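Enquirer: My questions concern the predicted model and sequence given below.
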Amino acid sequence: MALFNSKKESTTLQSQGALESGLEKTKTSLLGKLNRLVRGKDMVDEAVLDELEEVLVTSDVGVQTTIDIIRSLEQRVARDKYVSTSELNDLIRSEISNLLLAQEADGSEGFDAPLDNRPHVVMIVGVNGVGKTTTIGKIAYRYKEAGKSVLLGAADTFRAAATEQLQIWAERAGVPIVKQGHGADPAAVAFDTLASAKSRDIDVVLIDTAGRLHTKGGLMDELSKIKRVMDRQISGAPHEVLLILDASTGQNAIRQAEEFTRSVDVTGLVLTKLDGTAKGGIVIGISNEFQIPLKYIGVGEAITDLQVFDRKRFVDALFC
């Protein structure tokens, strides 16, 4: 008898294992705080809820999301009159699952899903240091593994090493790249990349962009220009705008998301470096506060360690 029913089942189990390993620091921190909270207590009362609020905020769930969770629990306690502390983990798990459900990308978001546009153009945004270039390489690899042709566009011409780094990841993923020299017009690079994609009959185009400080208005103006120029080459492009955020920065990731979503039509979020932080609670806060689907999460350094976000698997890994 085969160990796994299918290759897909084997891959799913491997992915869950990587997710559980990647969330170990967050899980240990959050569950440790919850266990200390209920120690010696029998029921969930106002005092417990006040302490729980502090636990969630210090676990980087976010202030607004914490308020939403506490409010829902208060309603449950008021309705049931008595809720034991032994039920608290299950209640929190349920609340988190419900919050994530509202913003989870559906099953059509997988790398092997049919594309509505061809080429399907994805613009990648985010500040320097969040793992943007690495993530682009991993996305390219996952699309290629799913049988799709991929082309990278090196439109981050502001930072001298950006094109070289993207070239390295293009080689690792085994996909071609369109690039120009340092200081070239980013919009021109994006335009040329889309023209090349059409001539090569490419399935997916990933456009890298500059990642200067998110407080700089010039960067946001530049991103808007790139979008306009791409739309002239391929109507409706970019079809996705993915914002890359570093989970290890905690609440600073939320501030970055605020700036980018105010200036750019972000369609999906990617959280990197979940494996190196105890701040994985940021997944919950960002998903809830911005009403933008969390598409991918990074749970390791390997090129395969980028996963399509799955609410159920994430909650299971956090609480099991």
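Expert: Yes, it's here.
Enquirer: Can you tell me the centre-most residue of the chain?
Expert: Relative to the mean C-alpha position of the chain, the nearest C-alpha, by C-alpha atoms, centre = their mean, is the one of residue 270, at 2.0 Å.
Enquirer: The residue nearest to residue 25 when sequence neighbours are not counted: what's it in contact with?
Expert: Once flanking residues are discounted, residue 25 sits nearest to residue 278: 4.2 Å by C-beta to C-beta, 6 or more residues apart in numbering. C-beta: built from backbone N, CA, C; applies to glycine. Residues in contact with residue 278 (C-beta atoms under 8 Å, 6 or more residues apart in numbering) are 25, 26, 28, 29.
Enquirer: Which strands or helices does the helix or strand where residue 64 lies pack on?
Expert: In the assignment (DSSP states H and E), residue 64 maps to helix 63-80. For helix 63-80, the packing partners by 3 or more C-beta pairs under 8 Å, 6 or more residues apart in numbering; DSSP states H and E come out as helix 46-58, helix 88-102, helix 282-290.
Enquirer: so where do the strands sit in this structure?
Expert: 120-125, 150-154, 177-178, 204-208, 240-246, 268-272, 294-298, 306-308 (DSSP state E).
Enquirer: returning to that earlier point: wait, the residue nearest to the centre of the chain sits on residue 245?
Expert: Yes - contact criterion C-beta atoms under 8 Å: residue 270 and residue 245 qualify, at 7.0 Å.
Enquirer: quick one on the thing from earlier: show me which of the strands of the chain has the highest average neighbour count.
Expert: Highest mean neighbour count of the strands of the chain: strand 204-208, a mean of 28 (counted as mean count of other C-beta atoms under 10 Å).
Enquirer: Relative to that one, what are the paired strands and their orientations?
Expert: In the sheet, strand 204-208 lines up against strand 120-125 (parallel), strand 150-154 (parallel) (DSSP bridges).
Enquirer: where along the stretch 151-300 of the chain do the helices fall?
Expert: Applying DSSP state H, counting those that start in this stretch to the stretch 151-300 of the chain gives helices spanning 162-173, 186-200, 217-233, 251-263, 282-290.
Enquirer: quick one: which of those is nearest residue 17?
Expert: helix 282-290 (18.3 Å; C-beta to C-beta).
Enquirer: Show me what the closest one is packed up against.
Expert: Using 3+ C-beta pairs under 8 Å, 6+ apart as the contact test, the elements touching helix 282-290 are helix 63-80, helix 88-102, helix 251-263, strand 268-272, strand 294-298.
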